[in-house]
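In: Prediction below, plus the sequence it came from.
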Amino acid sequence: MSMYPEGGAVRVLLVDDQELIRAGLRGILRASHGFDVVGEVGDGAAVVAAVREHTPDVVVMDVRMPGVDGVEATRRLAALDDPPPVLVLTTFEDDEVLAGALRAGADGFLLKGVPADDLQRAVRAVAAGEAWLDPAVTQRVLAQYRTGAPGPATSSTALEVLTAREREVLVLIGSGLSNGEIAAELVLGEGTVKTHVGHVFAKLGLRDRAAAVVTAFDHGLVRPGDARPGGRG
């Protein structure tokens, strides 16, 4: 699904089984702040149909719901031809579930109860094609991710296929930089950065930028204290 128009409202689909939570999210993601909540569902089973109906720029997804939970709903969305990015909302107790959401294709996660401006920034970032990993729980979630999803880039020699420049780009992705920020950091054109990012994904067999962030952590290229949320553009 295409990224939202620059300067336009971010179209959001809310997925949470609790009306009170959805009401709170609506209050934060309101039109005056540049958002358009185009739909709401209370069951993961209805997510695919809602996405097809409303074509959101981003899905804000609760992970714990009766029936079809957020992990399975995310997996179903990932199977679509052009799925929207998914930002998962969670609590401190959901590390294993969050890791499952990342494996299913989520583009980021954020703790429930964060300040409103953090939620707004995370939704904008994910809608724009960036990853967003909440630093408060990133280390624990990645530990769970590693135990359940050894990918093609888990060996100690996997990064040897990267050029020096591609490795720099991977480090900056893992540090939370968007393509524009990487371009500024390395004094390159943004188009050149996009090419390098594509090569990193292809060489390491990575599905998306969230997987690249995980890979950077797994190989010690980025430490939890070094990273900030964001980065996938």
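Out: That came through fine.

In: Setting the sequence-adjacent residues aside, check what's closest to the spatially most central residue of the chain.
Out: Centrality entry for the chain: nearest residue to the mean C-alpha point is residue 107, 1.9 Å, by CA atoms, centre = their mean. Closest residue to residue 107 apart from its sequence neighbours, by CB to CB, 6 or more residues apart in numbering: residue 85 at 4.1 Å. All C-beta atoms are positioned from the backbone trio N, CA, C, and that covers glycine.

In: still on that earlier bit, isn't the residue nearest to the centre of the chain right up against residue 210?
Out: Yes: counting by CB atoms under 8 Å, residue 107 does reach residue 210; the two are 5.4 Å apart.

In: which residues sit in contact with the closest residue to residue 219 other than its chain neighbours?
Out: Nearest residue to residue 219 in three dimensions, chain neighbours excluded: residue 159, at 6.0 Å (CB to CB, 6+ apart). By CB atoms under 8 Å, 6 or more residues apart in numbering, the contact list for residue 159 reads 153, 167, 170, 204, 219.

In: measure residue 159 to residue 220 for me?
Out: 10 Å (CB to CB, to the nearest Å).

In: And for residue 15?
Out: 35 Å.

In: Who has more neighbours out of those two?
Out: Comparing residue 15 with residue 220 by other CB atoms under 10 Å, the one with more neighbours is residue 15, at 30 against 8.

In: Could you say which helix or strand holds the residue nearest to that one when sequence neighbours are not counted?
Out: Once flanking residues are discounted, residue 15 sits nearest to residue 61: 4.6 Å by CB to CB, 6+ apart. For residue 61, the element it lies in under DSSP states H and E is strand 58-62.

In: I'd like the average pLDDT over that strand.
Out: Predicted confidence along strand 58-62 averages 95 (mean pLDDT).

In: Give me the sheet partners of that strand and which way each runs.
Out: In the sheet, strand 58-62 lines up against strand 10-15 (parallel), strand 86-90 (parallel) (DSSP bridges).

In: Need the CA coordinates for it. PDB is fine.
Out: The C-alpha coordinates for strand 58-62 follow below in PDB (Å, rounded to 0.1, in the frame of the first residue of the first chain):
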ATOM      1  CA  VAL A  58      -1.200   2.400   8.800                       C
ATOM      2  CA  VAL A  59      -2.900  -0.200  11.100                       C
ATOM      3  CA  VAL A  60      -2.700   0.400  14.800                       C
ATOM      4  CA  MET A  61      -3.100  -3.100  16.300                       C
ATOM      5  CA  ASP A  62      -3.600  -4.400  19.800                       C
END
